[in-house]
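>>> I'll drop the sequence and a predicted model, then ask my questions.
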Amino acid sequence: MEKKTVAIGVDHGGLLLKSGLIEQLGALGYSVRDLGAFGPASVDYPDYAYKVAETLRVGAADIGLVVCGTGIGMSIAMNRYPWIRAGVVHDVTSARLSREHNDANVLALGARMTGAELAKECLTVFLQTEFGEGRHARRVRKLTEPPNLGDASNAA
């Protein structure tokens with residue numbers, strides 16, 4: 001697998017994990033675009049999620065990494081965009097399956113939920129796992145091309 005560029009965005013809750021994750025990315029041979037936050041002052045996590053989303057949209061990075069207290073807020077903000085598939089993970093199995101089954105291109109971690117060493121393991125597994133294709137490709141396509149919910153023909 002060719003080494004890629006990872007865009008990382010964190011809020012104040014993810015700041016302590018950020019340096020260790022950046023070190024891990026460097027050890028794995030990845031380039032990093034650090035989009036902040038850069039200090040402990042309280043900030044709004046959507047601002048950093050949107051920076052990562054835009055960096056991916058314009059092709060300045062291939063993969064996103066976002067960290068907040070739980071990972072949930074960042075993933076919600078990221079998944080507002082059709083080119084993003086962000087998965088919140090809390091263990092290596094969910095990290096692997098987010099790539100293998102969902103072709104996630106953004107890893108969302110919760111600093112209050114996942115310790116530093118486990119976060120590094122999740123990141124490594126996420127980066128080393130390929131999309132499984134097959135039956136999952138159809139499902140992933142539906143994530144980026146959802147039906148028009150106002151269309152009566154899509155009613156259950």
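Nice, thanks for sending it over.
>>> Count residues in the vicinity of His101, would you?
As a burial measure, His101 scores 17 neighbours (other CB atoms under 10 Å). Every residue, glycine included, has its C-beta placed from N, CA and C.
>>> let me fix that: Ala116
14.
>>> Going by neighbour count, which residues in stretch 79-86 are buried?
Buried residues in stretch 79-86, counting neighbours by 16 or more other CB atoms under 10 Å, are found at Asn79, Tyr81, Ile84, Arg85, Ala86.
>>> Quick check: the second one vs Asn105, distance?
In this case it means Tyr81. Tyr81 sits 11 Å away from Asn105, going by CB to CB, to the nearest Å.
>>> now the strands for this structure?
5-10, 31-34, 63-68, 86-88, 106-110 (DSSP state E).
>>> I'd like to know which of those lies nearest to Ile22.
With CB to CB as the measure, strand 31-34 is the member of these nearest Ile22 (5.4 Å).
>>> Tell me the buried residues in the closest one?
Val32, Arg33.
>>> What pairs with that strand, parallel or antiparallel?
strand 5-10 (parallel) (DSSP bridges).
>>> now the strand it pairs with against strand 63-68, angle please.
Going by axes from the mean of the first three to the mean of the last three CA atoms, to 10 degrees, strand 5-10 is angled at 10 degrees with respect to strand 63-68.
>>> in this protein, which ranges drop under the pLDDT threshold?
Low-confidence segments of the chain (pLDDT under 70): 1-3, 132-138, 140, 142, 151-156.
>>> Where do the helices of it begin and end?
For the chain, the helices defined by DSSP state H occupy 15-27, 45-57, 72-78, 92-100, 116-128, 135-144.
>>> I'd like those helices as TSV, with distance to Phe38 appended.
As requested, these are exported to TSV (distance: least, CB to CB, whole Å):
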stretch	distance to Phe38
helix 15-27	8
helix 45-57	10
helix 72-78	17
helix 92-100	26
helix 116-128	19
helix 135-144	32
